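Engineer: sequence and predicted structure below; questions after.
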Amino acid sequence: MRAASEGGLKAGVPVGGIRISREAGTNVLTMEDYLSAGSAFTCKYMPTRKVALTDAGVRLLPEQRTAYVFLPGGLGTMDELFSILTLMQLGKLGSSLPVPLLIVNWDGFYDGLMSLLTAFDQTGALHASEVRQVMVANTNDEVLEYLAQFYQLPLPER
């Protein structure tokens, strides 16, 4: 996530970070090394972080362009993904405008998850229409193309 944050900072957009006090592994660098004062928050418990994650993506005005982008990760990432998917399914995300959710399936990392979601749809536990804002991207270019299309923005030149 540090690379994504530093890319946003380089592009001149606001960036914030939320982490729990002891994430998996003990060699995680602190966000304070690269984020400005007041934009890095550490939570003691996971539910607090999930509330902040949900709130960070809410769009109340058309000019607010947010997205939930899930990169390959561990159990915490799955917990956050399923929390957002559940809120989308129930129509309780709290956003008055649609918010895109992207699952970045680099090297097939999320193939098993996609099979599970397909099984949910086939058994009626989840209907694809309930999470229509979800997009699976296999490359960074697909992520950029989708977000540009979603927000009707020109693609940046490379």
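Structural biologist: Nice, I can see it. Numbering: from 1, shown residues only.
Engineer: just the buried positions in the longest helix seen in the chain, please.
Structural biologist: Looking only at the chain and at elements set by DSSP state H, the helix with the highest residue count is helix 75-90. Going by neighbour count (16 or more other Cβ atoms under 10 Å), the buried part of helix 75-90 is 80-81, 83-85, 87-89. The C-beta positions use only the backbone N, C-alpha and C, and glycine is treated the same way.
Engineer: got it, and stretch 88-104?
Structural biologist: Under the neighbour-count criterion of 16+ other Cβ under 10 Å, stretch 88-104 has 88-89, 93, 95, 99-104 buried.
Engineer: distance of the residue lying farthest from the centre of the chain from N138?
Structural biologist: No residue in the chain sits farther from the centre than T123, which is 26.1 Å out by Cα atoms, centre = their mean. With distances taken as Cβ to Cβ, to the nearest Å, T123 is found 26 Å from N138.
Engineer: and L81, by the same measure?
Structural biologist: Where N138 is concerned, L81 sits at a distance of 17 Å (Cβ to Cβ).
Engineer: would you map the strands across this protein?
Structural biologist: 17-20, 40-43, 68-70, 101-104, 134-137 (DSSP state E).
Engineer: strand partners (parallel or antiparallel) of the third one?
Structural biologist: Using DSSP bridges, strand 68-70 pairs in its sheet with strand 101-104 (parallel).
Engineer: tell me the mean pLDDT for the strand it pairs with?
Structural biologist: For strand 101-104, mean pLDDT rounds to 95.
Engineer: off-centre distance for that strand?
Structural biologist: The gap between where strand 101-104 is centred and where its chain is centred comes out at 7 Å by Cα atoms, centre = their mean, to the nearest Å.
Engineer: equivalent analysis for stretch 149-158, please.
Structural biologist: Centroid separation between stretch 149-158 and its chain, computed with Cα atoms, centre = their mean, is 19 Å.
Engineer: same thing with stretch 53-66?
Structural biologist: Using Cα atoms, centre = their mean, the mean C-alpha position of stretch 53-66 is found 12 Å from that of the whole chain.
Engineer: fine, thanks again, bye for now.
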